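Student: need the 3D shape of this:
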Amino acid sequence: MPISSETTRTGPYTGNGGTTVFAYTFLVFDDDDLEVVLTTTATGAEVIQTKTTHYTVSGVGSASGGNVTMVTPPTSGQTLTIRRKLDLLQDDDFTNQDQYRGGTHERIYDELTQMMQQLQEQIDRCIKLPVSTATSVSAECPAPAADKSWEWNATADALEEVDGPSGSVAAAAASATAAASSATAAAASASILDTVAFPYGFDTGTSMADPGTGEMRFNHATPSSVTAVAFSNVTNSTGNPDISDYIMTMDDSSSTLNGHMIFVKQGAPANFAIYTVGACTDNNAWLQVNLTHVDSSGTFDGGDTIRVQFVRTGDKGETGAQGIQGPQGPVSVGLLMALA
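Tutor: Sure, this is the predicted structure:
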């Protein structure tokens, strides 16, 4: 019969753990001319299934195809692909002046066409150069060599061997080791910073209310216009330690200037803001501190980690003891004359 379709495979079908019947939509003359492939989605591993053990076939000889019925349904982590795969052989033998057998000859032509389609299906899945590629470009692969890869040469007209991924893997491993060391050092550094500059998450709200656990917010989006800050009573360090009692000491100085608060964006120290400290108010879960802008640069974004350093001014010194009275000065001449 005529081969009027170029289809040589169907699928991949996605398994669901229940469906067992899967259609193929092309002509086969023998159920041995089908190949059924089960693929594990996560790994891409393919397993060719065995007829009878794993599946049965219907629709052999039909131009529209038929069905493959699996003994065990593919699971949700598997796909199923059905393709036509003939042995590339021609078994019929004709002798000189033999009787013409139209059906046999057509069958041979059909199978030859199917073989060509089968090969074309494989070619379609190969890496190919574009049709417009210059004829001077060679896609011939270099001879295999251990730990080598291929890439296009400097003139992009042939493949050449270069050092393989093993060296890159070693370099990547060394880089990873260095990165781990840096991370350890950074973690140690962060631990030190925790003792002098407390970390807070930045909240973009501007109302003076509870900013949330481990967070802080200003009362204005522009650092130079900020006049107050709301702190959670805990930082966002591991364990969320409570430093509210410490913050409340910031307005206890008896000096004219209570002290300073310095806000620096972690990882981007060019973004900072510095303020003098005014009155502090304890609102149980959060604290409000009045501020006066001194200097700033850049801005803070929601979710940034802000390091806050509290610098309190010492108390005003006590009044010293009165000094010894100095000697009396000379009596004026006018006073002496008056007394006389």
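
Student: where's S149, which helix or strand?
Tutor: Using DSSP states H and E, the element containing S149 is strand 148-152.

Student: same for that strand, what does it pack against?
Tutor: strand 159-163 (3 or more Cβ pairs under 8 Å, 6 or more residues apart in numbering; DSSP states H and E). In this view, the C-beta of every residue, glycine as well, is placed from N, C-alpha and C.

Student: which residues sit against the strand it packs on?
Tutor: 138-142, 145, 147-153 (Cβ atoms under 8 Å, 6 or more residues apart in numbering).

Student: farthest pair in the residues you listed?
Tutor: S138 and D147 (23.4 Å; Cβ to Cβ).

Student: sorry, back to before: can you show me the CA trace of the strand holding S149 as PDB?
Tutor: Extracted C-alpha coordinates of strand 148-152, given in PDB (Å, rounded to 0.1, in the frame of the first residue of the first chain):
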ATOM      1  CA  LYS A 148      40.000  16.800  25.600                       C
ATOM      2  CA  SER A 149      37.000  18.700  24.300                       C
ATOM      3  CA  TRP A 150      36.100  20.100  20.900                       C
ATOM      4  CA  GLU A 151      35.500  23.700  19.900                       C
ATOM      5  CA  TRP A 152      35.500  25.700  16.700                       C
END
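
Student: avg pLDDT for it?
Tutor: Confidence over strand 148-152 (mean pLDDT, whole number) is 89.

Student: what's the distance between that strand and the middle of its chain?
Tutor: 28 Å (Cα atoms, centre = their mean, to the nearest Å).

Student: what ranges do the helices span in this structure?
Tutor: Counting by DSSP state H, the chain has these helices, from start to end: 102-124, 165-196, 244-248, 333-339.

Student: check which helices and strands the shortest one sits against.
Tutor: For helix 244-248, the elements it packs on are strand 272-282, strand 286-297, judged by 3+ Cβ pairs under 8 Å, 6+ apart.

Student: so which of those is nearest K51?
Tutor: Closest among the helices and strands packed on helix 244-248, once you apply Cβ to Cβ, is strand 286-297, at 72.7 Å.

Student: coming back round to it: as TSV, the contacts of strand 159-163 with distance to T113 and neighbour count would be great.
Tutor: Output for the contacts of strand 159-163, formatted as TSV (distance: Cβ to Cβ, whole Å; neighbours: other Cβ atoms under 10 Å):
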residue	distance to T113	neighbour count
S138	32	11
A139	28	11
E140	30	6
C141	31	9
P142	36	12
A145	41	10
D147	44	10
K148	41	15
S149	39	14
W150	35	14
E151	39	9
W152	37	12
N153	40	12
